[in-house]
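Engineer: Sequence plus predicted model, see below.
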Amino acid sequence: LVAARRDQAASLFVAFALLGAAMVASSTTIMETAVECTHPREPEVSTGLLFCGGNTLSVATTYVFQGLLAAQKGRCLPLTALLSRGAPVALFTALTIALCVALLLAYNGPYRRLHAETAAAAGDDAVAESGAKAADGALAGVMGLVG
């Protein structure tokens, strides 16, 4: 909504600052959750995959936005123009946000590290071993998607 108005540089800077603050605050939670889901693998593996995937998606998204802006003839339309024809950037932005929110709400990842530590403290090696095998399978699936 800020980008829809001309000569609103201060408002745009405030919006960027708020977005950056939200991303910095959530990045630790995201990395910790990834480490939990890929236990017993090293934390660097899951964190590295997150950063590589995020950077790859951001490059692709930049080209998508560039193409959509060209289709829009360079006009910057607000998100309120979503329902009108000729606002592909607003539509792509809204669909991307909806996809991210849906994935966030549907996520229910396992706490493998917590279960392994609890099992190790209780002396149950079978539970810890099954958690390690499940993590290997999950990581192999992710590597298959990436590779």
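Structural biologist: Thanks, I have it.
Engineer: Can you pull the poorly scored residue ranges out of this structure?
Structural biologist: Within the chain, the stretches with pLDDT under 70 are 1-6, 76-86, 124-147.
Engineer: any chance you could map the helices in it?
Structural biologist: With DSSP state H as the criterion, the chain has helices at 9-37, 43-71, 88-106, 112-122, 125-146.
Engineer: so the fourth one versus helix 43-71, what angle?
Structural biologist: The one in question is helix 112-122. Computed with axes from the mean of the first three to the mean of the last three CA atoms, to 10 degrees, the direction of helix 112-122 lies at 170 degrees from that of helix 43-71.
Engineer: Can I get helix 112-122 in PDB? Just the C-alpha atoms.
Structural biologist: The C-alpha trace of helix 112-122 is given here as PDB (Å, rounded to 0.1, in the frame of the first residue of the first chain):
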ATOM      1  CA  ARG A 112      13.400 -35.300  16.700                       C
ATOM      2  CA  ARG A 113      16.100 -33.700  18.700                       C
ATOM      3  CA  LEU A 114      13.800 -33.400  21.800                       C
ATOM      4  CA  HIS A 115      12.700 -37.000  21.400                       C
ATOM      5  CA  ALA A 116      16.200 -38.200  21.000                       C
ATOM      6  CA  GLU A 117      17.500 -36.300  24.100                       C
ATOM      7  CA  THR A 118      14.500 -37.500  26.100                       C
ATOM      8  CA  ALA A 119      15.100 -41.100  25.000                       C
ATOM      9  CA  ALA A 120      18.800 -40.900  25.700                       C
ATOM     10  CA  ALA A 121      18.100 -39.500  29.200                       C
ATOM     11  CA  ALA A 122      15.700 -42.400  29.800                       C
END
